[in-house]
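Trainee: What follows is a predicted protein model with its sequence.
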Amino acid sequence: MYLPSSNGLPINLLSACFNNTSATYKYYWFLSILQSVEKGNIKIPKKDLFARMMSNAWYTVNYFHISFGKQDRLQRAIEIIKNFEPLTIDDKRDKILNHLINTKNKNSLDQLKYFNNQVPHWFLSPWFPQLNRNDIYIASQGFKNKCLYSLNDDSIEINEEWLKYLNQNVKVLKDFCFWNLVIFLQAKNPSVPDIPNKLIKPAL
């Protein structure tokens, strides 16, 4: 499955974000960005995105116990947070999201903050190869190389040049995330059938 093309945007660099992926972070991070953009958000608090990552994976981890792999911290963080928050394994995604955005529990906050050191800047690495964390933050500020977003301490800001593309292709981009996520998880869970139907809680 390929990303939709676009004149003037480096779609090849967005696609490259998912090369050599060893954990689920990138899929859930991009999916969370798409969900936020759908709601009209351009400047998005990182904490909201980390909470979205958790809420999107909550059902898969807690209900079906799908393995994300030994080195995947997202699964581990969800399992830890479940012990400190009054949330059930089958709570609706919006309830989990809102609760985690507003949590004051230090243990939960520590799990959310962990991803700030791993996900936001490394996702931009195709735009800034060989740069370190600090340099990527600086380079992103002026949307250098037409990067997808700029990085601030507590938030990201979507590059306006990408907004039309993201909004027009949001369904295909989500499908791209889920398609790649299914391939990744199936490799980690070879004996588990029907992985696609274990990613999203069915509407009742």
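Mentor: Done, it's in.
Trainee: Helix, strand, or coil at the nearest residue to residue 200 once chain neighbours are set aside?
Mentor: Counting by C-beta to C-beta, 6 or more residues apart in numbering, residue 200 lies nearest to residue 59, which is 7.2 Å off, once chain neighbours are set aside. All C-beta spots, glycine's among them, are computed from the backbone N, C-alpha and C. Three-state call for residue 59 (DSSP: H, G, I helix; E, B strand; the rest coil): helix.
Trainee: So that it lines up with my notes, have the first residue be 535 from now on.
Mentor: That works, and once the first residue is 535, the last one we named lands at residue 593.
Trainee: residues touching residue 579, list them.
Mentor: Residue 579 is in contact with 688-689, counting by C-beta atoms under 8 Å, 6 or more residues apart in numbering.
Trainee: average pLDDT for stretch 717-728?
Mentor: Throughout stretch 717-728, pLDDT has a mean value of 95.
Trainee: Please tell me how far it is from the chain's geometric centre.
Mentor: Relative to the centre of its chain, stretch 717-728 is centred 20 Å away, using C-alpha atoms, centre = their mean, to the nearest Å.
Trainee: Mind listing what's buried along that stretch?
Mentor: For stretch 717-728, the neighbour count (16 or more other C-beta atoms under 10 Å) marks 718-719, 722-723 as buried.
Trainee: which one of the residues you listed is nearest residue 706?
Mentor: residue 718 (18.6 Å; C-beta to C-beta).
Trainee: mind listing what the residue nearest to residue 734 touches?
Mentor: With contact taken as C-beta under 8 Å, 6+ apart, residue 593 is in contact with 623-624, 627, 732-735.
Trainee: Please apply the same query to residue 572.
Mentor: By C-beta under 8 Å, 6+ apart, residue 572 lies in contact with 701, 704.
Trainee: Please identify the helix or strand for the spatially most central residue of the chain.
Mentor: Residue closest to the average C-alpha location in the chain (C-alpha atoms, centre = their mean): residue 563, at 1.2 Å. Per DSSP states H and E: residue 563 is located in helix 559-572.
Trainee: In its sheet, which strands sit next to the next helix or strand after that helix, and in what direction?
Mentor: Counting by DSSP H and E, the next helix or strand C-terminal to helix 559-572 is strand 577-579. Partners of strand 577-579 in the sheet, by DSSP bridges, are strand 689-692 (antiparallel).
Trainee: Give me the helices and strands touching the next helix or strand after the partner strand, please.
Mentor: Note on strand 689-692: by DSSP H and E, the next helix or strand toward the C-terminus is helix 694-702. With contacts defined as 3 or more C-beta pairs under 8 Å, 6 or more residues apart in numbering; DSSP states H and E, helix 694-702 has these neighbours: helix 559-572.
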